[in-house]
Structure formats: structure tokens, C-alpha cells
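# Return a 3D structure for these sequence lines:
(chains A and B)
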Amino acid sequence: MSELSSTRTEAGDFAVISRTSPLTPVLQILNVSPGLFVTVLIIGMDLWIAGIAAGLLILGTFGYWISWRKRTFWINAENELEVTSGVLFRRSRRLRISRLQSVDITRPILARVSGHSSLKVEVAGSGDSRVVLSYLSVEQAKSLRLKILNLAKNDVALRESARSESDAPMQSDPELQSDPELQWHWKVPNSRLVASLALTTSTYLLIIGSVLSVVFAFLDPFGRTGLLTLALAVGGSGISLITGITSLFNFSIGRSERGITISHGLFTTANYMVSPIRVQAVGLIQPIAWRPFGWYQVAINVAGTDQSNQKSGPRVLIPVIHERDLPELFSELLPAWNLGSDREWTTAAISSLWRFPWQARRLAVSVNPDLFMVRSGALTHRLGAVPHARIQSIRVTQGPWERKLGISSLHADSVPGPVRLSGRGLNSRVAAQAALAELNLMASARKLTASENW
Amino acid sequence: MTIAELFGAGSTDWLRVNEKLRTYWHTLIILTAVPLLIVAAVVLVFAWNVAIVKLIALLVIGGILVFGTWSWFLVTRRVRSIGYRIEARELKVSSGIMFRRVVSVPFARMQLVEVSAGPLERAFSLASVQLHTASASTDATIPGLDPERAAELRDALALHSATAGL
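Predicted structure coming up:
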């Protein structure tokens, strides 16, 4: 492609065919080389192996370089992001910006050090609906993201004006040329984040492991079982603690005119922009050790995220927040979700104690005019909520043991995510009535929110 | 509305699937069990002298026979437990004997209606209709339909979801 103007396009203009940053192949090979290095160390260093490794590195760099040469992107006249790639088999993908779901910047550690970013663009639709551009320079990624966001916004405005048949010309909003101002924002103190993560499940694992190791040490004073158990417990909980801290470090959340912005991460930073319409279900989670502090975690199910990849979309709205701040968080970010007000709960049947001995007293559902809510959990308290119009389907299930007890479970299916809405242990008749009531509420709620997709 | 009605037991206005599904599921059980039995038998013959392998092989054979017989006799009830009903706003599918479930999918939430027929299903001239929503846990599948009935159902559901609006 000789007509290629330049790899570094002028900021803001992506109407010409461009490539990702020329440093891309170097960063890609640096990403894989630690693995190769460790493999070489494991096999053992000798001249042959070092030679093979060096050869692989050179071949790999060349391969990455070719695939970088062959990968181009631009925004075509029909407002599609067109990405062409492939060496032997050319592949061209077009993402309609009018169907944009999200455009996120992620910055893995190597990219961050060298001043690069990855840009992930996701549009509505199943299958081939997302593309990751790695790596772009920071300014390029920022301006491409803005360009895409503006195009998507203009498109929505255009459709709305077409609908109201007003022929006022589209004004290009000067404000849109810069990153949107945050109208409200919130930071999670890192000290509280570390403390809260230290008080979660991994702590129970650590305690159980320590107790077990003491028991083993008594039973087998000269063996190594006790030490091994302790090492496993410490290692396991330590790893999960460190992963949690590094991924959620510097957690900040804000609201701009385009939606909710979430960013977090120590080594790999993640940035998300979520329109409140895409939030399909909300959950409040409180492990037992958080109760004295009044802390909660707010989890969300977001529509249009790739279910096979946990990292594709945000799962946590805020990792830890004091209960007194919850009303402010919800009124700023999700004003339609009023979780705080008193609800009438339909509690589980007494007989469900035989099926759910620990949590039977907590189990309950609540069918309200605005939300369907579920409460559960003995050690870790969980509260889930979903607006009627965003429920995908309603299920009632009953296993053989539940049938003996005359109880059933009522599930409200939401898009994939951390929040599950299953009301368990309900009297079967109550579950059936609640299911029917819920189906009616869903139908009337869908009529009210007919304009939004799901 | 009682729980029995919700689960579709005994009510006549739930649509039933084709009884051929029994033969299909019986064939499926044979086609799964027999190759496993042959493998286990071969292992048993060749490792007759190794006590632990012999024991495992015998256990596997016993397990296959027990589980196969168990599922064989449950097939009829399982087929009869499947019912579906097209209502004003949603499709309801009920199934299961041990673990019963009713799923109700509003037409407005259907994203995709899929008709599928594997090679063995085609041999019995059967097809399945599966409904997809934005949720992965919806799981509304109706097996054992005549291909024409499956196509009719697909078209009816597509029409319903188009007219239900969004």
C-alpha cells in the first residue's frame, strides 16, 4: 500500500489509512520474550538452545513486523472503523460506529513505559463485533477514541433529529473536541482497598490453612505436611490478594456527559466508559469481615461485554465503599436504581432450612414497582437488583430434594456478569405467584422503556 | 395458578413434542454406552492379571450398565415432561422430571431463534428449536420437533418478536 500517507496521522483525522505505532512489533516481541527466557532457563542454558531461542526471537520479530505492515485501519465515509489485517489471508472488518458499545483504552506495563496504549472498540452485535488496536501512541489512541465517541454521539443526535423531523443543521460541539469534563468523581483510598481485600475469602483460606497446619503438625510432628499446608494457604491467599490489589489499585470512578467512567490498575491500567443504559443488574456484596466497618462492594452486569473474557468489561462499579456513601454513589451514577429504600421482602419458606441451613433466614425476594430484588448469603451478604425491563427471562426450577420440602427457586436471568438473581427456598406456590407477577411487571415496564434496546 | 400448572404437569393446553424423541434418545443411549462398554471390555481382557485395572474396568462396566438402564427407563417420562406454550407475550418451556424447570421468555427479549438438527436427529426426522436472549442462562430449548413444526415455530416466534417491538 504505497498511497499510505504516514503512520503518524494528524491527531483527530483518521479518514486516511493508517497503521498502528511502528514500535508495535518490538513491544509484541518483548511481551512474549520473558516466557521464552524462562523456558530457556528451565531447559538449561547451552549454545544450541541459546541459538534456537535467538533464532525464534528474530523470526518472531520479523513475523510481527510483517503483520504490523499488513494491518491498517481507517474510518471510512460510511462512518465505519475498517480494520484490514492478515499476511496470507487478508481479512477486513468493518465496525459500524453508530452501533458503538464501548471504546476503552488499556495500557499494559510495557506499553505504558514506552508511551503507548491499546484501544479496544466494541460494537453491538454477536460474533465479530470487537477489535483491539495495539499499539497506538498515547495521543493517537486518545484522539481516535474521541473521534469515535463524537461520531457515535453525532449519529445518535442525527437519528433523533430525523425522528423529530427538524432540519436544523448539526452543530459540531466545540466541547466535544476535548476529553469530557467529569461532573462528579470518586476515588477509593488505596489503604481501604488493601484492607478490604485482605478481609475477603482469601483470609478465610489463610485461617483454615493455618489451623489445619497446626493440626497436622500435632498429628505428624516430624513430617512436612503441616509446613506444606501452611505454605499452600499462604501462597494461595497471597496470590489472590496481590492480583486483586494490583488490578483494582487507584480505583476511580466518575460521571461525564457520556456516561460512567471507571479506571483502575497498578501495572495494567483499565479505562471503561459505560453508559448507564448498559448497566443491566447491580449487586451489593458484603463479606462477613466487612460488616463491622460497614463496607460494601458494588458489582454490575454490563450489556454487550464479551462473556468469555472477564477483562473485556467492568464487573465492579466500586470495589469498596462505606454504606453512608452508597446513596450518593447511586444518586450520581445510577439515579434510577433506588436500592436503599425499604422494601417488602418475601422470605423463604421455613422448610428451606433443610436445604439451605445457613442462609435460609437471609433468603428473600422482593417484587417492587421498579426493581426485582434478591437477598442471600449467610457469611457473605448479597443483594441483587434488576429493573423489570432488563430481565431477559424468568425461570422457576425445582430439584427432587426441594420438591420434598415444597420449595422452588425463582431466577431472573440477566446478561452475563457477577450478579446472579436467584431467589431460592421460596414456597412453591409463592414462587409461582411471584413469577407471574414479575412477568406482568416486565411487560408493562417494557412498554415504558420501549425506546431502549435492552 | 398452582405450581403443578406452572410446571406443566397434567395440563392439556401445553404443546407436546414428538414421541419419536424417545427412540432417538434410546438410540443415543445405546450409541454412547456400547462403545464405552467395548473399550472397558477390551481393557478388562488385556489387563485381567492386574488387579487394580480389573477392578476399575469392572466398576466402569457396572456404572455404565446401571446408569444406562436408569436413563433408558426414564426416557419416556422425560419426553412427556417436555412441554411448551406460546402465550400472548412470552414463550414458556417446561421440562425435567428430577430437576424440573419452567422458563418464560418474553418475545421482546428474544435475540435469535435457532433450528438445529444433527445427523442422527435428521435420521429420525427430528429438529430442535433453541431460543437465545442476551442472557447466557436462559436455556430454552425444545427438542424432538418435526422439521416442519420446528420451522413453523421458528417463523411464529420471529414474527412475535418482531411485532412485540423492543
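
# what residues go with each domain of chain B?
With domains defined by automatic domain parsing, chain B comprises B:20-78, B:85-163.

# where in the chain is pLDDT low?
Picked chain A for this. Regions of chain A meeting the criterion pLDDT under 70 cover residues A:1-13, A:124-129, A:156-180, A:305-312, A:341, A:450-454.

# ah, I was thinking of chain B
Counting by pLDDT under 70, chain B contains low-confidence ranges at B:1-12, B:165-166.

# Helices of that one, start to end?
For chain B, helices defined by DSSP state H occupy the ranges B:3-6, B:20-46, B:51-81, B:119-123, B:147-163.

# which residue lies farthest from the center of the chain?
Here I'm looking at chain A. residue A:222 (47.6 Å; CA atoms, centre = their mean).

# Not quite, go with chain B.
Centroid-distance maximum for chain B: residue B:49 at 41.4 Å, with CA atoms, centre = their mean.

# most centrally placed residue in chain B?
residue B:143 (5.4 Å).

# what's the closest non-adjacent residue to it?
The shortest distance from residue B:143 to any non-neighbouring residue, by CB to CB, 6 or more residues apart in numbering or on different chains, is to residue B:128 (4.5 Å). (Glycine included, C-beta is placed from N, CA and C.)

# And for residue A:255?
Closest residue in space to residue A:255, ignoring its immediate chain neighbours: residue A:184 at 4.6 Å, by CB to CB, 6+ apart.

# what's the answer for residue A:71, then?
Per CB to CB, 6+ apart, closest to residue A:71 is residue A:85, 4.2 Å.

# and the one residue sitting closest to the centre of chain A, which of the three is it?
When chain A is reduced to its mean C-alpha position, the closest residue under CA atoms, centre = their mean turns out to be residue A:314, at 2.1 Å. Secondary structure, DSSP: H, G, I helix; E, B strand; the rest coil: residue A:314 is coil.

# who's in contact with it?
Contacts of residue A:314 were listed using CB atoms under 8 Å, 6 or more residues apart in numbering or on different chains, and they are A:262, A:270, A:272, A:274, A:300, A:302, A:305.

# measure the fifth one to residue A:48 for me?
In this structure, residue A:300 lies at 53 Å from residue A:48, with CB to CB, to the nearest Å as the measure.

# Residue A:94 belongs to a strand, doesn't it?
Yes - assessed by three-state DSSP, residue A:94 belongs to a strand.

# Number of residues surrounding it?
15 (other CB atoms under 10 Å in any protein chain shown).

# got the contact list for it?
By CB under 8 Å, 6+ apart, the residues touching residue A:94 are A:76, A:80, A:81, A:82, A:83.

# Please point out which parts of the helix or strand that the last one is a member of sit buried.
With secondary structure defined by DSSP states H and E, residue A:83 is part of strand A:80-85. Residues of strand A:80-85 classed as buried: A:80, A:81, A:82, A:83, A:84, A:85 (neighbour count, 16 or more other CB atoms under 10 Å in any protein chain shown).

# farthest-separated two in those?
Taking every pair in the buried residues of strand A:80-85 and measuring CB to CB, the maximum separation is 15.4 Å, between A:80 and A:85.

# I'd like the contacts of residue A:314 laid out as a markdown table, including distance to residue A:35.
Shown next, in a markdown table, are these (distance: CB to CB, whole Å):
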| residue | distance to residue A:35 |
| --- | --- |
| A:262 | 30 |
| A:270 | 23 |
| A:272 | 28 |
| A:274 | 33 |
| A:300 | 34 |
| A:302 | 31 |
| A:305 | 28 |
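
# Would you mind listing what in chain A touches chain B?
Counting by CB under 8 Å from any CB of the partner chain, chain A comes close to chain B at A:126, A:280, A:303, A:307, A:391-400, A:403, A:408, A:411, A:413-416, A:428-429, A:431-433, A:435-436, A:439, A:442-443, A:446, A:450-454.

# ok, which stretches of the stretch 151-300 of chain A are strands?
Secondary structure of the stretch 151-300 of chain A by DSSP state E, counting those that start in this stretch: the strands cover A:184-187, A:252-256, A:259-264, A:269-274, A:279-286, A:295-302.

# Which one, of the ones you listed, ends up nearest to residue B:30?
strand A:295-302 (42.3 Å).

# name the helices or strands packed onto the closest one?
Counting contacts by 3 or more CB pairs under 8 Å, 6 or more residues apart in numbering or on different chains; DSSP states H and E, strand A:295-302 packs against helix A:190-198, strand A:279-286, strand A:316-322, helix A:326-333.

# Return the list of strands paired to it, each annotated with direction.
If you go by DSSP bridges, strand A:295-302 pairs up with strand A:279-286 (antiparallel), strand A:316-322 (antiparallel).

# among these, which is the most enclosed?
Ranked by mean neighbour count, those are led by strand A:279-286 with a mean of 24 (mean count of other CB atoms under 10 Å in any protein chain shown).

# wait, what's in contact with residue A:434?
Counting by CB under 8 Å, 6+ apart, residue A:434 touches A:346, A:365, A:367, A:410, A:423, A:426.

# Look at the nearest residue to residue B:95 once chain neighbours are set aside and say how many residues are nearby.
On the basis of CB to CB, 6+ apart, the spatially nearest residue to residue B:95 that is not a chain neighbour turns out to be residue B:82, at 4.6 Å. Using other CB under 10 Å, residue B:82 is surrounded by 20 other residues.

# Switch the contacts of residue A:314 over to TSV, and while doing so, append neighbour count to every line.
Listed next are the contacts of residue A:314 as TSV, based on neighbours: other CB atoms under 10 Å in any protein chain shown:
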residue	neighbour count
A:262	22
A:270	18
A:272	22
A:274	25
A:300	24
A:302	23
A:305	24
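
# Name the pair among those residues with the greatest separation in space.
Across these (CB to CB), the longest gap, 14.3 Å, separates A:270 and A:300.

# Let me see the domain layout of chain A.
Domain assignment for chain A, taken from automatic domain parsing, gives A:18-162, A:280-448.

# What's the end-to-end length of the last one?
Start-to-end span of domain A:280-448 (CA to CA, to the nearest Å) is 16 Å.

# Off-centre distance for it?
Computed by CA atoms, centre = their mean, to the nearest Å, the chain-centroid distance of domain A:280-448 equals 19 Å.

# With the shortest one instead?
In terms of CA atoms, centre = their mean, the centre of domain A:18-162 is set 20 Å apart from its chain centre.

# between the contacts of residue A:94, which is closest to residue A:26?
Ranked by distance to residue A:26 (CB to CB), the contacts of residue A:94 are led by residue A:83 at 20.9 Å.
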